[in-house]
Every structure is written in structure tokens, then in C-alpha cells.
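S.K.: what follows is a predicted structure for the sequence shown.
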Amino acid sequence: MRIFLINTVIFFAAFCCTSFVFAQEITWESPPPATQLEMDDTIVPIGKGAVFVPSMTNPDNEPVYGILSDGDIIEESSTGKRITLVPGIYTVVYGTGTADQMMQKKVQVVEGATTLVKPDWSGLVIDVINESRTKVREYYELLDQNTGLSYGISQGVEQGLDEQLRTWILPPGQYKVVKPGGNITDVVNFGTIRLSPGELVHAILVIDSGTLNFLGFGYLTDVRQRFQRDKKWTVRSELAGNALLNRVEPSGESGEDSNWGFTSTVQWLTDARYESGSHVIPVWSNLEEGLSMESGKTLRKYIDKAEFKLTYIYRLTNLLSPYVRVAAESRLFKTSQNFDDPTDYNKIMASGDTVQVTGAKKIELAGAFSPIYFKQGFGINSILIKTLPLNLNLRSGYGARQTYARDAYTYDNNKKLLSPIQEADVTGVEFLLLGDIRLGRYILFDTEFDILMPNSNADKWVFDSENRLRINLTSNVSLLLTAEFWRYENMEITHKRYQTLLRFSKFL
């Protein structure tokens, strides 16, 4: 009877412990392990078995796990994927940190079966924000509260960028967050947190944007976080604007009046992303409008741009992921060419005839939403570099470009010639290079170069490039330097635009 009672107690304790671990799966962003097993399409060959370590979050944000045999790593894989093995006894190593800090577990691989490693470890995701709740790219270090050993240094993500937070995979226990280089005895700039088996914890670290000191650290209490694992859409939107007022005083005794000018622009930038399993859909839009006025002149349009980009990517591997994309660019308002003095020019009519216009003060170049430029393409998306300071992606495939002019014209000031914009439709090989470099918290450079090659004649190649250097001065003020180059299918020369802006922005 006594033996029966002891066995009953042991069984009940084990059952409660196991139930507790799997009950924590509700905190995960990923589906339960059983669902992940069904979603994994890894084929187990005849005569082999497999090991499976489930993921708590996006596998790309978690450390890989490995298989030890005779003390050597023989296989590695991201979490949420099977590793196929010859039947036998192996050691699974997983977790964040050095080889000595990683967790280990003995498993037996049986032919035709998958051995699931039960998730009795803990996950930790730390979001870094400032006092105005804006996400910031600031560093911190994670220590084991009991041993004082460091598990490494990580950082937050910049608001409005396509970045993902790192997931710490750790043994259950007590941990301390300090500034990089801190230690277990720090009594300022620190925070502690306890992690339970099988649980994914979301925490926030609050940084003073002026001194960079820690203001607070703890669990994320927003009740919406309970539904994080079901959230497939992430949307970041930024409203920004800038203004420039200049005044030039005449020199000497000329008697001329002083000249002044005013320019103001506003931009609404939206970056959305859908992720579900292997399906990724980035959606990007940009609406930029600006006005300018100079002394003695009427109010004029300074910039008018509306852009939309949508891409679908089926994620297979970093170097091999099919994509399909569409994009469009146009203007919201009509476009005019204004002259300071009456000007004579020649106008090429749609029929091809040339007529002379005299004494013009203004030319109507195009109506609203004219011209419209469309892009389509499909091919392979490859992640060339994916590190904390540098990301580089290349998309290569087959693309098409169309221009719909709708009675739109372009004016050449040197030739005094007004020409109709020709409608065009070209196809060919396309390449799209996307990259960003982050130098600490304050400096970010991103670039995009998109080219379509209809044939081997470089004069017929169509391309556009946008390059932006952003220097963050405060959480809402930055210095932005941009350089744009483009040549569309109906152009013979390359157009350029440069801007230096003191930018005031608010993330929505």
C-alpha cells in the first residue's frame, strides 16, 4: 500500500509539472508543438527517425539547436524544423549563450518516429522604449541572477524599421538586465525578472532618451499581448514634416528689396507587414506633399509624390524564396510649369507637329494622377546578409514596367521645348537590391536600387534608386539627407534629386 501511495504521488507530481509546462503554451507567439509538427514539411527517409525542438516565437529570432554525437555537433537546425537521424541515442543542445551555457537533453531516436523535445525551457523577449513609448535601438546585457554570468548583449529595434526582436531561450530562473558592461552587484540601471518553465515572457525596458539611463523594467502588462501569437499584421506609420524660411538682404546701396522664401513639406509613411508561417507580405506606401513661395511670386507646388508597393514572399530558405510584387507611383494634383517672365517655347503636339507659343507665364504639364508608373515582377528573393548592423536583400527575376501618360507633358528648359510623355510598356530581367546599415542608435543608412534590363543595350535600361541617411537628434527630430536617381522607360536622360531636411516626426 505504501509503495502504491508513493507511486501515485510521483505520478501526480509529474502530471502536474507536465500540465504546467504545456499550459504555458498560451503565452507563445508560435502555435502549439503538435501543430508545429504538422506544419513542418521535412521528409523523414526510410530507415531514419527525427528530433524536433518547437519554437516559441519566429524561428529566425531564436538560436538554432544542434545534435551532439560523441561530443561533436553533427547537425544543426532552426527551431520548428525536424532534424533527421539514424536511430540511436543523441544529445540535443539548445538555448542562448556560450556552449557551456546552452541546455542539453538526452533523446532516443526511433525509426519512422519524431522525438519531440518537451519545452521545459523559458523564452524572453525585451522591447526597449523611451519615456514617450517610442521604440529605440538601445543596448542592454542579460545576466544570470544566481551565477552572475552574462548571456550576452542585445538591443531594441528602431521605430518604423522592418526589424524583429531577439528571443532569449534560457533555463528557468532569475535574471538581471543591466547596461552593457554592468555586473550582478549594480544597484542602478538594472532590472530583474523570473522565468518559469515553458513560458514566453514579454518585457519592456524603459530608457531615458536624454541620459540613456534605465527608468524601468518589467512584464508587459498590456492585455492585448495575450493575443500576440494570433497577430499576423504589424503596422508602423510615421507622420513627418519640415519647414524652411530664408531671407536674403541686398548688399550695398542697390535699393533693392530683400528676398525671402518659404518651403514646407509633409510626409505620411506607412510600413505594414503580414506574416503567417512561410507567407510574408510587406506593404509600403508613401505620400509626400510640399509647397513653396518666394517674394513676389505665387504659391507653388514643391513636391507631389504618391507611392505604393506590395510584395508577396513564400519563405523557403534565406537564399531561395519566391516573390511576386506590384508597385505604382503617381501624383495627387495637377502639375504646372511657372515662368518668372513671359517665355516663348515650342510645343510638340500628339500628332507630331510642332507649334510655337509666345509670352507664356504658365504651362499645364499634367492633370491629377498623371502620369502613372506601374511595376510588376516575380522571381527569387535572397537574404545575402542578415546581421544586427547590416541587412542586404537581393530580388532577381522577370519584370515589367508601364507608363500611362494621359495627356501629360515634360518641359526642357534648355531647349525651350514642351514634349508629350510617351506611353510605354517594357519587360525584361529585373534586379532589386535592398539594404540598410545601422551605426548605433543615431545613424541609419538605407538604400534601394531597382533596375529592369529589356536587352543588352544599357541605354534602354530602366532604373530608379533611393538613398537615405538619417541622423537621429532626438526621438522626434532627425536630420535626413536623400539622394534619388531615376530613368523611366520614356526618358533619355537620368534625373536626380537631392534633399537635406531637418525632420520632425511622430510615430502613430
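M.R.: That came in fine, so what should we check first?
S.K.: using PDB, list the CA coordinates for the helix or strand hosting D341.
M.R.: With the criterion set as DSSP states H and E, the secondary-structure element containing D341 is strand 335-348. Presented in PDB, the C-alpha positions along strand 335-348 are these (Å, rounded to 0.1, in the frame of the first residue of the first chain):
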ATOM      1  CA  THR A 335       1.400  69.800 -62.400                       C
ATOM      2  CA  SER A 336       2.400  73.200 -63.800                       C
ATOM      3  CA  GLN A 337       5.500  74.900 -65.100                       C
ATOM      4  CA  ASN A 338       5.700  78.600 -64.000                       C
ATOM      5  CA  PHE A 339       7.900  81.300 -65.500                       C
ATOM      6  CA  ASP A 340       9.100  84.500 -63.800                       C
ATOM      7  CA  ASP A 341       9.000  86.300 -67.200                       C
ATOM      8  CA  PRO A 342       6.900  85.700 -70.300                       C
ATOM      9  CA  THR A 343       8.600  82.900 -72.200                       C
ATOM     10  CA  ASP A 344       8.500  81.600 -75.800                       C
ATOM     11  CA  TYR A 345       8.700  77.900 -76.400                       C
ATOM     12  CA  ASN A 346       7.900  75.200 -78.900                       C
ATOM     13  CA  LYS A 347       5.300  72.500 -78.300                       C
ATOM     14  CA  ILE A 348       5.300  69.100 -79.900                       C
END
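S.K.: let me see the mean pLDDT of whichever helix or strand comes after it.
M.R.: Once strand 335-348 ends, the next helix or strand along the chain (criterion: DSSP H and E) is strand 354-366. Per-residue pLDDT values across strand 354-366 average out to 88.
S.K.: now do stretch 260-269
M.R.: 85.
S.K.: centre of the chain to that stretch, how far?
M.R.: 26 Å (CA atoms, centre = their mean, to the nearest Å).
S.K.: cool, and stretch 463-481?
M.R.: Relative to the mean C-alpha coordinate of its chain, stretch 463-481 is positioned 15 Å out (CA atoms, centre = their mean).
S.K.: so what touches the strand holding D341?
M.R.: Residues lying outside strand 335-348 but in contact with it, judged by CB atoms under 8 Å, 6 or more residues apart in numbering, are 297-298, 300-301, 304, 354-366, 408-409, 411, 416-420. Backbone N, C-alpha and C define where each C-beta goes, glycine included.
S.K.: name the residues of stretch 90-103 that are buried.
M.R.: For stretch 90-103, the neighbour count (16 or more other CB atoms under 10 Å) marks Y90, V92, V93, Y94, G95, T96, G97, Q101, M102, M103 as buried.
S.K.: let me see the mean pLDDT of it.
M.R.: 91.
S.K.: now do the phi/psi pair for L37.
M.R.: As for L37, its main-chain torsions (degrees, to the nearest 10) stand at phi -60, psi -40.
S.K.: burial measure for it, as a count.
M.R.: Summarising burial for L37: neighbours were counted as other CB atoms under 10 Å, giving 17.
S.K.: next: T192.
M.R.: Counted with other CB under 10 Å, T192 comes out at 13.
S.K.: one step back: please check the contacts of strand 335-348 and keep the buried ones.
M.R.: The buried subset of those - by 16+ other CB under 10 Å - is D304, I363, L365, A366, A408, Y409, Y411, L418, S419, P420.
S.K.: tell me the one of the residues you listed nearest P31?
M.R.: Of all the buried ones among the contacts of strand 335-348, the one with the least separation from P31 (CB to CB) is D304, at 45.6 Å.
S.K.: which element is the closest one on?
M.R.: Going by DSSP H and E, D304 is in strand 300-314.
S.K.: show me what that strand is packed up against.
M.R.: Contact analysis of strand 300-314 by 3 or more CB pairs under 8 Å, 6 or more residues apart in numbering; DSSP states H and E lists strand 259-276, strand 279-294, strand 321-330, strand 335-348 as its packing neighbours.
S.K.: rerun at 10 Å
M.R.: Contact partners of strand 300-314 among helices and strands, from 3 or more CB pairs under 10 Å, 6 or more residues apart in numbering; DSSP states H and E: strand 259-276, strand 279-294, strand 321-330, strand 335-348, strand 372-386, strand 390-404.
S.K.: could I get the buried ones among the contacts of strand 335-348 as JSON lines with distance to H495?
M.R.: As requested, the buried ones among the contacts of strand 335-348 are arranged in JSON lines below (distance: CB to CB, whole Å):
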{"residue": "D304", "distance to H495": "15"}
{"residue": "I363", "distance to H495": "18"}
{"residue": "L365", "distance to H495": "15"}
{"residue": "A366", "distance to H495": "16"}
{"residue": "A408", "distance to H495": "15"}
{"residue": "Y409", "distance to H495": "15"}
{"residue": "Y411", "distance to H495": "13"}
{"residue": "L418", "distance to H495": "17"}
{"residue": "S419", "distance to H495": "15"}
{"residue": "P420", "distance to H495": "17"}
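S.K.: ok, back up a step: quickly run through the sheet partners of the strand holding D304, with directions.
M.R.: Based on DSSP bridges, the strands next to strand 300-314 in the sheet, each with its direction, are strand 279-294 (antiparallel), strand 321-330 (antiparallel).
S.K.: list the buried residues for that strand?
M.R.: Applying 16+ other CB under 10 Å to strand 300-314 flags Y302, I303, D304, A306, E307, K309, T311, Y312, I313 as buried.
S.K.: the first one and Y404, how far apart?
M.R.: This means Y302. Applying CB to CB, to the nearest Å, one obtains 24 Å for the distance of Y302 from Y404.
S.K.: in this structure P371 contacts A328, no?
M.R.: No: contact status for P371 versus A328: not in contact, 11.1 Å apart, counting by CB atoms under 10 Å.
S.K.: between these two, which has more neighbouring residues?
M.R.: The neighbour comparison of P371 against A328 (other CB under 10 Å) goes to P371, with 25 against 16.
S.K.: for that one, give me its contacts.
M.R.: Shown in contact with P371 (CB atoms under 10 Å, 6 or more residues apart in numbering): 329-331, 335, 365, 403-410, 421-424, 488, 490.
S.K.: please pick the buried ones from these.
M.R.: Of all the contacts of P371 considered here, the ones buried according to neighbour count by 16+ other CB under 10 Å are 329-331, 335, 365, 403-405, 408-410, 421, 424, 488, 490.
S.K.: show me the two of the residues you listed that sit farthest apart.
M.R.: Set against one another by CB to CB, the buried ones among the contacts of P371 have their most distant pair in T335 and A424, with a gap of 18.8 Å.
S.K.: can you pull out the helices in the stretch 51-200 of the chain?
M.R.: In order along the chain, the stretch 51-200 of the chain carries no helices (DSSP state H, counting those that start in this stretch).
S.K.: ranges for the strands of it?
M.R.: Chain-ordered strands for the stretch 51-200 of the chain, with DSSP state E, counting those that start in this stretch as the definition, fall at 65-69, 72-77, 82-85, 88-94, 103-109, 114-116, 122-130, 139-144, 150-155, 167-170, 173-178, 190-195, 200-207.
S.K.: out of these, flag the one nearest L469.
M.R.: Nearest to L469 among those is strand 150-155; the distance by CB to CB comes to 20.4 Å.
S.K.: what angle do the closest one and strand 139-144 make?
M.R.: On the basis of axes from the mean of the first three to the mean of the last three CA atoms, to 10 degrees, strand 150-155 is oriented at 160 degrees to strand 139-144.
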